[in-house]
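J.: Sequence and predicted structure, then a few things I'm wondering about:
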Amino acid sequence: SQQGEEDPQALSIQEGENATMNCSYKTSINNLQWYRQNSGRGLVHLILIRSNEREKHSGRLRVTLDTSKKSSSLLITASRAADTASYFCATGWMDSSYKLIFGSGTRLLVRP
Amino acid sequence: EAGVAQSPRYKIIEKRQSVAFWCNPISGHATLYWYQQILGQGPKLLIQFQNNGVVDDSQLPKDRFSAERLKGVDSTLKIQPAKLEDSAVYLCASSVLMTSGTSTDTQYFGPGTRLTVL
């Protein structure tokens, strides 16, 4: 089964509004990453937060991580129509090698 | 910097046929991954290479799937014979291998190959 589960599964907002997506996971991690996937395209890395970090910013993106609750959130501020995509959280951890386990994703629609 | 290249972009086959996908990672990236992404789900790792060696193939259905990376650069993923449930997008990704022997955290993905099995 997949490590991360996103909530909500789908989100529809108006351009200019903020979008918040949540991710929960089950086991210990080294880091948590967020990826974006536009329709018909591959995944693009957005941001990485390490297990000893609590918050990270990148442009209009803000990610938080609460390891005690095994959860993370991605906030996109001042959304644009171009932000319409699926967003996936992926938990990174070391086994015999470094592994990424992806969640099921949140489909974001930003209406113009 | 050129990204991860994959071909073909789309493939339609009938069940029990065979199919092969090709991936060329970013130059200098020693670690290469193949993922399967079923519609509505996140990507699932099938196999991971470091240079031309397999690091993890625990989730690869070895009775029908095979992959190789003979020269440590390009890679091919094959399905033979295909089943209806193999319909998915097959994503290739690559990452840098650190001198410590571990891969960096960020993976760079190609556009994927969308496979439809009829």
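T.: Happy to help now that I have it.
J.: what residues are up against B:Val73?
T.: Contacts for B:Val73 (CB atoms under 8 Å, 6 or more residues apart in numbering or on different chains) come out as B:24-25. For the C-beta atoms, the positions are set from N, CA and C on the backbone; glycine is no exception.
J.: shaky segments in the chain?
T.: No chain in the question, so chain A it is. A:1-3, A:40 (pLDDT under 70).
J.: that's the wrong chain, I wanted chain B
T.: Within chain B, the set of residues satisfying pLDDT under 70 comprises B:1, B:97-104.
J.: Tell me which stretches of the chain form strands.
T.: You didn't say which chain, so I picked chain A. Taking DSSP state E, the strands of chain A run over residues A:5-7, A:10-14, A:19-24, A:31-37, A:43-50, A:55-58, A:61-66, A:71-76, A:85-94, A:98-102, A:106-111.
J.: wrong one, chain B
T.: Using DSSP E, strands in chain B cover B:5-7, B:10-13, B:19-24, B:31-37, B:44-50, B:53-56, B:65-68, B:75-79, B:88-95, B:108-109, B:113-117.
J.: returning to that earlier point: ok, which of the strands of chain A comes nearest chain B?
T.: Nearest to chain B among these is strand A:98-102; the distance by CB to the nearest CB comes to 3.3 Å.
J.: coming back round to it: columns distance to A:Arg60 and mean neighbour count on top of the strands of chain B, output as JSON lines?
T.: Converted to JSON lines, those look like this (distance: least, CB to CB, whole Å; neighbours: other CB atoms under 10 Å in any protein chain shown):
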{"stretch": "strand B:5-7", "distance to A:Arg60": "29", "mean neighbour count": "17"}
{"stretch": "strand B:10-13", "distance to A:Arg60": "33", "mean neighbour count": "15"}
{"stretch": "strand B:19-24", "distance to A:Arg60": "32", "mean neighbour count": "19"}
{"stretch": "strand B:31-37", "distance to A:Arg60": "26", "mean neighbour count": "24"}
{"stretch": "strand B:44-50", "distance to A:Arg60": "29", "mean neighbour count": "21"}
{"stretch": "strand B:53-56", "distance to A:Arg60": "35", "mean neighbour count": "15"}
{"stretch": "strand B:65-68", "distance to A:Arg60": "38", "mean neighbour count": "18"}
{"stretch": "strand B:75-79", "distance to A:Arg60": "35", "mean neighbour count": "20"}
{"stretch": "strand B:88-95", "distance to A:Arg60": "25", "mean neighbour count": "24"}
{"stretch": "strand B:108-109", "distance to A:Arg60": "22", "mean neighbour count": "21"}
{"stretch": "strand B:113-117", "distance to A:Arg60": "30", "mean neighbour count": "19"}
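J.: So which of those strands is nearest A:Ile49?
T.: Among the strands of chain B, the nearest to A:Ile49 by CB to CB is strand B:88-95 (17.5 Å).
J.: I would like the residues contacting that closest one, please.
T.: Against strand B:88-95 from outside (CB under 8 Å, 6+ apart): A:42-43, B:4, B:6, B:21, B:23, B:25-26, B:29, B:31-39, B:43, B:75, B:77, B:103-110, B:112-115.
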